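> I need the structure of the sequence given here:
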Amino acid sequence: MITARAAATFEPVGRSVATARSFVRDTLQGWGHSDIIDDAVVLTSELVTNAVVHAGTSAEVLCLRGEDHVRIEVSDRYPEREIPLQSTAINMGSPDREGGRGLQLCAALAGRWGVDYSATHKQVWFQLDLPERSVGTRAAGPTLPTDLLPLADERVRVAVVQIDKSGAVTSWNEDAEHLFGYAAEQVDGKPLTDFAAWPHTPGTSTGIADALQLSRWEGSYGIRAASGRVTPVYASHLRVRDTDGEPSTVCLLVREHERAVLQTPLRVPPSDAASSDSQGTDPFEVFIGSPAPDDLDGLLQRTVERARDMLDGDSAFLLLATDDETELEVRASTGLPSARQRFARVPVEVGPGRYGSARMPAVHEDLTQVPGAVPLLSGTGMRSVVTVPLKVEGRLTGSLGVAAESPDRYSNEEALRLQFAADRIALAVESARLGELEKLRRGSLSFLVEASDLLAGTLDRDQTLALMAQMTVPTLATWCAVYTIADQASEPYLSYVLHEDEERIDGLKALLAKIAPPEPVPTPGARVWAAPAEAAHQAALRTSMRSLGLNEPTSVSSGIGTTLATASAVGGETVVLPLVARNRVIGMLTLGKPTDEHFRQEILELAEDLSRRAALALDNARLYSERMAISQSLQRSLLPPELPHVPGVEVEVIYRAAGEGNEVGGDFYDLFPIRDGAYGFAIGDVCGTGPEAAAVTGLARHALRLLAREGFGGPAVLERLNAAILDEGARSRFLTLLYGELWPQEDGSAVLKMVCAGHPLPLRLRQDGTVVPFAEPQPLLGVMDDLELYEQTMTLDPGDVLLCVTDGITERREGTRMLGDDGLAEVLSTCTGLTAGAVAARIMRAVERFAADAPSDDMAILTMRVSGLHHD
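Numbering: from 1, shown residues only. So this is what the prediction gives:
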């Protein structure tokens, strides 16, 4: 028998879902069936969403009340049907499919449900059984045996204490006098804090003064009685205002063991209990839906949607606590600009006078009366809000809130219902969060290992800067800028800019160049830098204003898009991390997000680890570059200046120093005028390579020039150089040297006087292709004190080539093979008719091709070809 009915039709617009929820809630509330409102609203919300959002048709909602049940029917005009055979089980598919989740909820929450089809309509209905209770009962519990009833004294005394807005006692009833031993005149006008023994919970700053400011509060504390002893009490506070608008707090207090007199019972919806008992359904799955999302973001999003529907709110949000429980990070929301709020952080403790902390449930009946009480909702149009903590084993893990656009929507009753739901899902959320955190940390470790390998693989400063930016974009941030500081007296310099969209790089670089760089603060960790977002906003505003004018429409219009795009690209959160190496700030790594986006705390921690590694790599590259510049400058000074022109003789030199970054090493060469018509030449090899060998190279080259121009002959020059080398003591190196003097002749030939001190013998290539040694070996320098050297005089005919090399050429190896003197002579024999430059190039090419590996020794080639043309 139907005893009451109510019907309404809702247009296919998004707002209709919330309106349908309100219709069902108001209908059931009017019928006195508040026990089943939560389940009915959740089911109606899902089914109406399928109709007006997914199917795109209007929805008709019909509420029918029977003698022992309520039936709700939702009809739409989208009669697609898929009628299963009776013998097969119904497959409702994924809960995230259109229609699938609503049917699964019907199966979980409703006593009966079904789907009816007609030619023009599809109707989904569900039936909720009414609990057995007398008419007019708002809440009831089961009948209990006498020995299970709460214990109380023979006469239960309820102290009624009223506190004014300053916290002073203004009313103290007889039961308060009996319980605590103070007469009313003894406490009148005194602060309640003088008598209250408030429990101090570690990690929270909430005290009794804060609790007295809440609209409702329940809990335990103590009152210091006149006897000096503390009486444990259970209290229920209600904030009220008188006809003049003055606020005060009414406190009802009973002895702690009589708390059942005041304590608000946690209401478990009967349908949940019945479902759990009869079907073994997990309460968590009833709230979230089965199967639950297997990822954290999906679980959080489902949670806020369920919480919003349960309290018939317009929006909901869920925040997760950081590891140190000092901040909460927005992770999911519905009905709010989620892109703007995601990963925004708010403090757990908002201080006294600001409605306590996130560790306690809170109800804000009208946010316009307490501006800033919930910063997350500023500018969203929400008026009333209820928030509850998520706790696991007493530790704060998050906060769940539901808000509405109208004021006075929520009270302590809704807070208790939301807290009950939060307790259902807190453990699952924390487990999923820890799983995500572990996955993120494993990924972070892999990321840092790869980053360290890349940074360690280069000592080039510019490449290091590029690597720093490329590793952060887009993995950690949307854009990145690296500032470097040359020394303590220098200002930060914008060295590198990167954006994930290459078309934004120039605009971003121009914007950053116009604003002052961030302060080089050595304090570790990321700090927010608001200047780029503010500058981008101002630039976009100026461009938009100019675009409204008529003066220069053509020139302005081309830059509007770029300016607005740049403003959007840098309009989000921007953080600066110091680059500190060897106790000095050498730069700053700046990371940014686009408009309304924030960084996750885990990403900032990863960026901080990366900045430490990048700072050391950048400083190593700087030191290497500085030392290389010094080394190259010194080494260039050891090379001979431009070779002089020798009449009738072509000269070519090829020099290759072993070792990365060396421009000169143990091998050296020189060609210089001694006096009119005479030229000195030398090619030598100092033992070893690198800077130590280069030092002896400089000594030998400059000594040769000086002694030759003083008129000493070849043997005398080398003997004095030998003495100078030995004078170096432990720093001395032995030296092989071919030194000679060259006199071009009028007939086109050239006369040479040479001394070969332990050096590979020079080779002469005649025009007929024959190759012969062109000197005799003598002792090397830097080993013996007394040397007896002699000079050999030779003549080169026109067309002849003289090849002088160091042992890096002849000792070129490939496995057990070595080029050797014979191999060099064979290559030289193929160079008949070539110029001096061509001969040197062919020799070097043959040496390089002889082995695949890079040369391990310095190499020098000096070729001189007598051209036969003598011009003064």
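
> So Gln767 belongs to a strand, correct?
No - the assignment for Gln767, made by DSSP: H, G, I helix; E, B strand; the rest coil, is coil rather than a strand.

> The closest residue to it other than its chain neighbours: what's it in contact with?
Nearest-residue entry for Gln767: Gly799, 4.2 Å, with adjacent residues in sequence omitted and distances by Cβ to Cβ, 6 or more residues apart in numbering. Yep, even glycine has a C-beta here, placed from its N, CA and C like the rest. Counting by Cβ atoms under 8 Å, 6 or more residues apart in numbering, Gly799 touches 766-767, 865-868.

> And these, which two are furthest apart?
Arg766 and Ser867 (14.9 Å; Cβ to Cβ).

> more neighbours, these two?
The residue with more neighbours, out of Arg766 and Ser867, is Ser867; 18 against 15, by other Cβ atoms under 10 Å.

> rewinding a little: now do the SS call for the residue nearest to Gln767.
Assigned with three-state DSSP, Gly799 falls in the coil class.

> ditto for Pro524
coil.

> All further residue positions should be reported with the first residue as 13.
Yes, from this point I'll number from 13; that puts the last item at Pro536.

> Confirm Val252 sits in a helix?
No - per three-state DSSP, Val252 lies outside any helix segment and is strand.

> quick one: it from Thr261, how far?
7 Å (Cβ to Cβ, to the nearest Å).

> okay, the two: which has more neighbours?
Neighbours per residue (other Cβ under 10 Å) separate Val252 from Thr261, with Thr261 holding more: 23 against 11.

> Okay, that one and Ile220: tell me how far apart.
10 Å.

> cool, and Ala328?
30 Å.

> quick one: which of the two has more around it?
Remark: of Ala328 and Ile220, Ala328 carries more neighbours, 26 against 23, as counted by other Cβ under 10 Å.

> my read: Leu389 touches Ser396, true?
No - using Cβ atoms under 8 Å, Leu389 is not in contact with Ser396, being 10.0 Å away.

> Give me the neighbour count for the nearest residue in space to Val783 that is not next to it in sequence.
Excluding the flanking residues, the one nearest Val783 by Cβ to Cβ, 6+ apart is Ala837, at 4.5 Å. Applying other Cβ under 10 Å, we find 17 residues neighbouring Ala837.

> same for the one helix or strand Leu628 maps to, what does it pack against?
Leu628 is located in helix 613-650, with elements delineated by DSSP states H and E. In terms of contacts (3 or more Cβ pairs under 8 Å, 6 or more residues apart in numbering; DSSP states H and E), helix 613-650 is packed against helix 424-468, helix 473-484, strand 586-593, strand 596-604, helix 703-721.

> Let me have the ones you listed in CSV, extended by mean neighbour count and mean pLDDT.
Formatted as CSV, the helices and strands packed on helix 613-650 follow (neighbours: other Cβ atoms under 10 Å; pLDDT from 0 to 100):
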stretch, mean neighbour count, mean pLDDT
helix 424-468, 17, 83
helix 473-484, 20, 88
strand 586-593, 23, 91
strand 596-604, 24, 90
helix 703-721, 20, 84
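
> so which of those comes closest to Val817?
helix 703-721 (16.3 Å).

> CA atoms of the helix or strand just after that closest one as CSV?
Moving toward the C-terminus from helix 703-721, the next helix or strand (DSSP H and E) is helix 726-738. What follows is helix 726-738 as a C-alpha-only set of coordinates in CSV (Å, rounded to 0.1, in the frame of the first residue of the first chain):
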residue,chain,number,x,y,z
GLY,A,726,124.9,23.0,-33.3
PRO,A,727,127.1,20.9,-30.9
ALA,A,728,127.7,23.8,-28.5
VAL,A,729,124.0,24.7,-28.5
LEU,A,730,123.0,21.2,-27.5
GLU,A,731,125.8,20.7,-24.9
ARG,A,732,124.7,23.9,-23.1
LEU,A,733,121.0,22.8,-23.3
ASN,A,734,122.0,19.5,-21.8
ALA,A,735,123.6,21.3,-18.8
ALA,A,736,120.5,23.4,-18.3
ILE,A,737,118.3,20.3,-18.3
LEU,A,738,120.5,18.6,-15.7
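
> list the buried ones in helix 726-738?
726-734, 736-737 (16 or more other Cβ atoms under 10 Å).

> got the angle between it and helix 703-721?
Interaxial angle, helix 726-738 versus helix 703-721 (axes from the mean of the first three to the mean of the last three Cα atoms, to 10 degrees): 140 degrees.

> counting contacts, what elements does helix 726-738 pack onto?
So helix 726-738, by 3+ Cβ pairs under 8 Å, 6+ apart, packs with helix 703-721, strand 747-756, strand 762-769.

> Using TSV, please lay out those together with distance to Asp256.
Output for those, formatted as TSV (distance: least, Cβ to Cβ, whole Å):
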stretch	distance to Asp256
helix 703-721	92
strand 747-756	108
strand 762-769	115
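
> which one of those lies closest to Ala30?
helix 703-721 (79.0 Å).

> And the closest one, what does it pack against?
Using 3+ Cβ pairs under 8 Å, 6+ apart: helix 703-721 touches helix 613-650, strand 679-687, strand 690-698, helix 726-738, strand 747-756.
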